[in-house]
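Q: A predicted structure for the sequence below; I have some questions about it.
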Amino acid sequence: MTTTRPSYIVGIGGSAGALDAYKALLASLTVDTGMAFVIIAHLMPDAFSQLALILSRCSTMPTVVGASGMPIQANHVYVIPANADLEVEQFTLKVNSPRSRRNAQVDLFFASLAAAMGAHAIGIVLSGYGGDGTLGVGSIKEMGGTTFAQDATAEVGSMPSSALASSHVDFVLSPEKIAEALVQIGARFDPPA
């Protein structure tokens, strides 16, 4: 199988209550959006996370734990490893472990995503406590990307509400409606000749 670069890289950040949102979003996506999806979850540093395995049951796309040097391919899902920061560098993943600080992984990933992908960066903030992702959506908007926050369907509204209050969120939708919007964005993508 050849490596296909994605048209967009979609960062999906969440914390408490986000598991159902991740599942709903992935289950509602078609397999051929041409995008790559990176799940940035708040995991305990010593966690033996089964998140990639759990999410692989909700999606027909290959779903793996991200590793340094791993190429980011279209129509794949990548999950942050425990006790790590994850970044994008030239269509590859970079893992920095141990993580630099608690509950800042979404902001860090979104900032690297914005720098790497510009207008082809998409950031999604789902259920969770605190404000991680708020600075990150600002980074994505500054570079011309697109941002989403989960609506009142969020089990814990702090993270999406904080992002929304920043005025850097383009769309406030349920996970299923976010998936529909992503499919439409992917369908409009016109690759360079």
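A: Looks like it came in fine. The model shown is predicted, which means the values in this text are computed figures rather than measured ones.
Q: all strands for this structure, in order.
A: 9-14, 36-41, 63-65, 77-79, 85-89, 92-96, 121-125, 146-150, 171-173 (DSSP state E).
Q: From Glu155, how far off is Ile122?
A: Here the criterion is Cβ to Cβ, to the nearest Å. By it, Ile122 lies 22 Å from Glu155. C-betas here are computed from N, CA, C, even on glycine.
Q: between these two, who's got more neighbours?
A: The residue with more neighbours, out of Ile122 and Glu155, is Ile122; 26 against 15, by other Cβ atoms under 10 Å.
Q: before we move on, the earlier item: kindly state which of the strands of the chain is positioned closest to Ser112.
A: Across the strands of the chain, the minimum distance to Ser112, taken as Cβ to Cβ, is reached by strand 85-89, at 3.8 Å.
Q: and the closest one, what other elements does it pack with?
A: Judged by 3 or more Cβ pairs under 8 Å, 6 or more residues apart in numbering; DSSP states H and E, the packing partners of strand 85-89 are strand 36-41, strand 92-96, helix 105-117.
Q: What helices and strands are in contact with the first one?
A: What that stands for is strand 36-41. Counting contacts by 3+ Cβ pairs under 8 Å, 6+ apart, strand 36-41 packs against strand 9-14, helix 18-28, helix 51-56, strand 77-79, strand 85-89, helix 105-117.
Q: Show me which residues of stretch 107-122 are buried.
A: By neighbour count with 16 or more other Cβ atoms under 10 Å, stretch 107-122 contains the buried residues 107-117, 120-122.
Q: out of those residues, who's nearest Ala52?
A: So of those, ranked by how close each gets to Ala52 (Cβ to Cβ), first place is Phe109, at 15.9 Å.
Q: shouldn't that closest one be in contact with Glu89?
A: No: using Cβ atoms under 8 Å, Phe109 makes no contact with Glu89, being 11.8 Å away.
Q: ok so, going back, in a markdown table, list the buried residues of stretch 107-122 along with pLDDT and distance to Gly66.
A: Output for the buried residues of stretch 107-122, formatted as a markdown table (pLDDT from 0 to 100; distance: Cβ to Cβ, whole Å):
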| residue | pLDDT | distance to Gly66 |
| --- | --- | --- |
| Asp107 | 98 | 17 |
| Leu108 | 97 | 13 |
| Phe109 | 98 | 10 |
| Phe110 | 98 | 15 |
| Ala111 | 98 | 16 |
| Ser112 | 98 | 12 |
| Leu113 | 98 | 13 |
| Ala114 | 98 | 18 |
| Ala115 | 97 | 17 |
| Ala116 | 97 | 14 |
| Met117 | 97 | 16 |
| His120 | 96 | 19 |
| Ala121 | 97 | 16 |
| Ile122 | 98 | 17 |
